[in-house]
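1. following is a predicted model, sequence given first.
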Amino acid sequence: MRTVKFYFIYAVMAIASIGAFSGCESGTGIGDLNLYSPSDDAQMGAQLDAEIRNLPNEYPIYNNAAATQYLQSIMNEILTSDHIKYRDVFTYKVTIIQSETINAFATPGGYVYFYTGMLKFLENEAMLASVMAHEIAHAERRHATKRMTKQMGLSVLLSVVLGNNPAQLTEIAANLFTGLEFLRNSREDEAESDEYSFKYLLTSKWYPGAGKLFFELIAKGGTTSAIEELLSTHPPDEKRIAAIEAMIQEYNVAPPTEANLFTQRYQQFKQTLN
Ligand SMILES: [Zn+2]
């Protein structure tokens, strides 16, 4: 996650986007301010996806068409939720990376990456759907470009207002984004993705509280090196579990059964992974 370099892309995106200042999306506060347009998110994601595919040593693509199709079909089903706004703007696409690392991540614009380590770690299809929905939420809620907006903050806004030359904006953008580190989500972003993951799954065939099962699985998963990154990017703190429990209560969700966990089917799928 550390060696991707694409200063140029961000510099260009930052400059291209100034003119498309779109303001508050939902009016709930400065954290929702986004200097980028949804199509900027889509374009940025496409660029990042190309960068990732150009780094096979760091991101070895797992070429298993059946497995990829299985994940993609889960993604597509989640995208039918009424809460999804950008299914026609973003390229919602799943890629599997061959690595024992237990993690998943999303770029702006809907590109979602799962490590085979994560697929092997999960215990049922509902957990997979909940992680998928969580990553979709990072894209849908446009967390990365909102954080970028925040980080650019006053300096860029001032430059725009004062009409400074574009070279200065390029420099500001280049200094801010040095790799995929910028995809590291804040606690607030994590909480919001948990919430939307639940909402997306509420009208699906999967148990919407599967995020809680996932956190419980992490908690008993110990601290092996494979899980280290997950613990640092998606800490399973008690607040997150409590928040999901509160939604389970609020929406009167019945306890899970095999009919909405799909454990058997998932265990069969895991046997096809290498
Ligand atoms: Zn997350």
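-> Structure received. Residues are numbered from 1 along each chain as shown.
2. who's in contact with Asp194?
-> 134, 137, 211, 240, 243-244 (Cβ atoms under 8 Å, 6 or more residues apart in numbering). For the C-beta atoms, the positions are set from N, CA and C on the backbone; glycine is no exception.
3. now those residues in JSON lines, with pLDDT and secondary structure?
-> Formatted as JSON lines, the contacts of Asp194 follow (pLDDT from 0 to 100; DSSP: H, G, I helix; E, B strand; the rest coil):
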{"residue": "His134", "pLDDT": "97", "secondary structure": "helix"}
{"residue": "Ala137", "pLDDT": "98", "secondary structure": "helix"}
{"residue": "Gly211", "pLDDT": "96", "secondary structure": "helix"}
{"residue": "Arg240", "pLDDT": "91", "secondary structure": "helix"}
{"residue": "Ala243", "pLDDT": "96", "secondary structure": "helix"}
{"residue": "Ile244", "pLDDT": "97", "secondary structure": "helix"}
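4. scan these and report the most crowded one.
-> Counting neighbours by other Cβ atoms under 10 Å, the top entry in those is Gly211, with 29 neighbours.
5. that one: what's it in contact with?
-> 130-131, 134, 194, 197-198, 240, 244.
6. please repeat the previous calculation with a cut-off of 7 Å.
-> By Cβ atoms under 7 Å, 6 or more residues apart in numbering, the contact set of Gly211 is 130, 134, 194, 197-198, 244.
7. can you redo the residues you listed as TSV with distance to Pro56?
-> Below are these laid out as TSV (distance: Cβ to Cβ, whole Å):
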residue	distance to Pro56
Ser130	29
His134	26
Asp194	32
Ser197	30
Phe198	35
Ile244	36
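8. out of these, flag the one nearest to the ion.
-> Distance to the ion, by Cβ to the ion, is smallest for His134 among these, at 5.5 Å.
9. list the contacts for the closest one?
-> 193-194, 197, 211.
10. repeat that for Pro256.
-> Pro256 is in contact with 126, 207, 209, counting by Cβ under 7 Å, 6+ apart.
11. and if you look at His143?
-> 185, 189.
12. could you report the neighbour count for Glu258?
-> Close neighbours of Glu258, defined as other Cβ under 10 Å, add up to 10.
13. to clarify, my last question referred to Asn64.
-> Neighbours of Asn64 under the rule other Cβ under 10 Å: 16.
14. how much space between it and Thr80?
-> Distance, Asn64 to Thr80, by Cβ to Cβ, to the nearest Å: 25 Å.
15. surely Lys93 is in contact with Tyr111?
-> Yes - if you go by Cβ atoms under 7 Å, Lys93 and Tyr111 touch, sitting 5.5 Å apart.
16. those two: who's more crowded?
-> Ranked by neighbour count (other Cβ under 10 Å), Lys93 and Tyr111 place Tyr111 first, with 23 against 17.
17. tell me the pLDDT at the more buried one?
-> At Tyr111, the pLDDT value in this model is 97.
18. residues contacting it?
-> 45, 48-49, 91, 93, 95.
19. Gln271 now?
-> Counting by Cβ under 7 Å, 6+ apart, there are no residues that Gln271 touches.
20. got the phi and psi for it?
-> Note on Gln271: backbone dihedrals following degrees, to the nearest 10 are phi -70, psi -20.
21. go on, Thr95?
-> Dihedral pair for Thr95: phi -130, psi 140, per degrees, to the nearest 10.
22. sec struct for the closest residue to it other than its chain neighbours, please.
-> Leaving aside its sequence neighbours, Thr95 sits nearest to Tyr113 (Cβ to Cβ, 6 or more residues apart in numbering; 5.0 Å). Tyr113 carries the three-state label strand when classified by DSSP: H, G, I helix; E, B strand; the rest coil.
23. quick one: Tyr113 and Ala65, what's the gap?
-> 17 Å.
24. between those two, point out the one with more neighbours.
-> More crowded of Tyr113 and Ala65, by other Cβ under 10 Å: Tyr113, with 20 against 7.
25. ok, what's across the strand from the more buried one?
-> Thr95, Phe105 (DSSP bridges).
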